[in-house]
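**Student:** Let me see the structure of the following:
(chains A and B)
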Amino acid sequence: MDRFSVFSSRLVTKSENFTSGHRACQGCAEALAVRHVMKALGRDTIVAMSTGCMEIISSPLPLTAWKVPWIHNAFENSSAVISGCESGMKAMMRKGRIPQKKINFVAMGGDGATADIGIGPLSGALERGHDMVYICYDNEAYMNTGIQRSSSTPYGASTTTSPAGKVSIGQHTQKKNMPQIAVAHDIPYVATACPSFPFDLIEKVKRAAEMPGGAYVHILSVCPTGWRIQPEDAIKYGRLAIDSCVFPLYEVINGKYRISYTPYKKLTVAEYLKGQGRFRHLTDKDIEKIQAKVDSDYLKILKRCEEDA
Amino acid sequence: MAKPMEQIKWQELEVGSVVVEVGNAKEYETGTWRSEKPVVNKEQCIKCGVCWLFCPDGCIVKAPEGHFEADLTYCKGCGICAKECPVGCITMISEEE
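**Tutor:** As a prediction, this is how the structure comes out:
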């Protein structure tokens, strides 16, 4: 983010490759993230998308919100399909059937498709080193089917399959750290982003597309419906997540860590958690526990960034 | 599409459920979902484009005079533009008024 000298919305691409008329809920930050991702990628893009919120809202059968070639996959195989597309197009270019051209091969999925169901094919695609980008829209539960927990749901969040009550705190396991799993594949580019920081997101997606080899971008997309917040607060909560270091923004280029945004004033986790309906049952003791975990995770990232600086 | 979505029969769909027309979701007017609409105070607007940048529906367009306005055909009335506007020139008013 610091490589930008000017922040102006005028410098952002005007053309929309993800059109209006999609059926996302009011204030869906995931739809906003897709909009910016498509701005960053441009028209020469092939998208394979797993089942999930974004698939059902953008393509109810006779209609599509996409202006690029787009294919719907089952939950698990978007990364496998895009690997095939990439290899096929590469072979066609080699044989001279289609002109040589830089095409962005992009697989997209929600957190369920990425962290739970599709982690096997994703791992395979990253390991084979296809020239592709995998983008995960992390709204921290299966929002499409009615807020069921996923392995990406944070500790303490109440969902319909991990309800909070007298005996349960809600989700009792920690959030799966997908970016770190992607880093462990030794791929050229891994980044975390959030649509509340659109310039940062656009820059990271562009870099991910430029990098030869596999790239993984993890985007925190606030879901007003599932997080039990007001639709107009969607951008605010994204910003709070980053300012409280719950979701640090960093990128890993060829194994070198770089923090892309340091909060001017680090907020406490309580400021992020309060106001969200899914966390409203948490006691001060629970919040302390979450704060300790967030601090230790953030320190780990900072330490790695310092080592690589 | 040649005819409205409601009139299309299943026999007329492409084989393999292929949609051949790009971006035709524009035919579905999500503006009908709205209960509140954003109204821009043109004098106060500094034309920064933050509302355009943060609109999840991409429904904010630049008016000929330079300020930004919501296209009410698609605006779902989430209120993000009103919340994020740095000068607070956008207010959400009820559709009934």
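
**Student:** all strands of chain A, in order?
**Tutor:** For chain A, the strands defined by DSSP state E cover A:45-49, A:70-72, A:104-110, A:133-138, A:189-193, A:215-220, A:250-253, A:256-259.

**Student:** Turn those strands into JSON lines, columns for distance to chain B.
**Tutor:** The C-beta positions use only the backbone N, C-alpha and C, and glycine is treated the same way. Formatted as JSON lines, the strands of chain A follow (distance: least, Cβ to the nearest Cβ, whole Å):
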{"stretch": "strand A:45-49", "distance to chain B": "12"}
{"stretch": "strand A:70-72", "distance to chain B": "9"}
{"stretch": "strand A:104-110", "distance to chain B": "16"}
{"stretch": "strand A:133-138", "distance to chain B": "12"}
{"stretch": "strand A:189-193", "distance to chain B": "15"}
{"stretch": "strand A:215-220", "distance to chain B": "13"}
{"stretch": "strand A:250-253", "distance to chain B": "21"}
{"stretch": "strand A:256-259", "distance to chain B": "23"}
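
**Student:** how about a markdown table for those, with mean pLDDT added?
**Tutor:** As requested, these are exported to a markdown table (pLDDT from 0 to 100):
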| stretch | mean pLDDT |
| --- | --- |
| strand A:45-49 | 94 |
| strand A:70-72 | 93 |
| strand A:104-110 | 94 |
| strand A:133-138 | 94 |
| strand A:189-193 | 95 |
| strand A:215-220 | 95 |
| strand A:250-253 | 94 |
| strand A:256-259 | 92 |
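
**Student:** Of those, which is nearest B:Pro4?
**Tutor:** strand A:70-72 (23.0 Å; Cβ to Cβ).

**Student:** How about the strand or helix carrying B:Leu53 and chain A, touching?
**Tutor:** B:Leu53 is part of helix B:50-54 when elements are defined by DSSP states H and E. Yes - contact of helix B:50-54 with chain A (Cβ under 8 Å from any Cβ of the partner chain) involves B:Val50, B:Trp52, B:Leu53, B:Phe54.

**Student:** Pipe the residues you listed into JSON lines and attach pLDDT and neighbour count per row.
**Tutor:** Formatted as JSON lines, the residues of helix B:50-54 next to chain A follow (pLDDT from 0 to 100; neighbours: other Cβ atoms under 10 Å in any protein chain shown):
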{"residue": "B:Val50", "pLDDT": "89", "neighbour count": "20"}
{"residue": "B:Trp52", "pLDDT": "91", "neighbour count": "20"}
{"residue": "B:Leu53", "pLDDT": "91", "neighbour count": "22"}
{"residue": "B:Phe54", "pLDDT": "92", "neighbour count": "25"}
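
**Student:** was I right about B:Ile60 contacting B:Asp71?
**Tutor:** Yes - B:Ile60 lies in contact with B:Asp71 (Cβ atoms under 8 Å); the separation is 7.1 Å.
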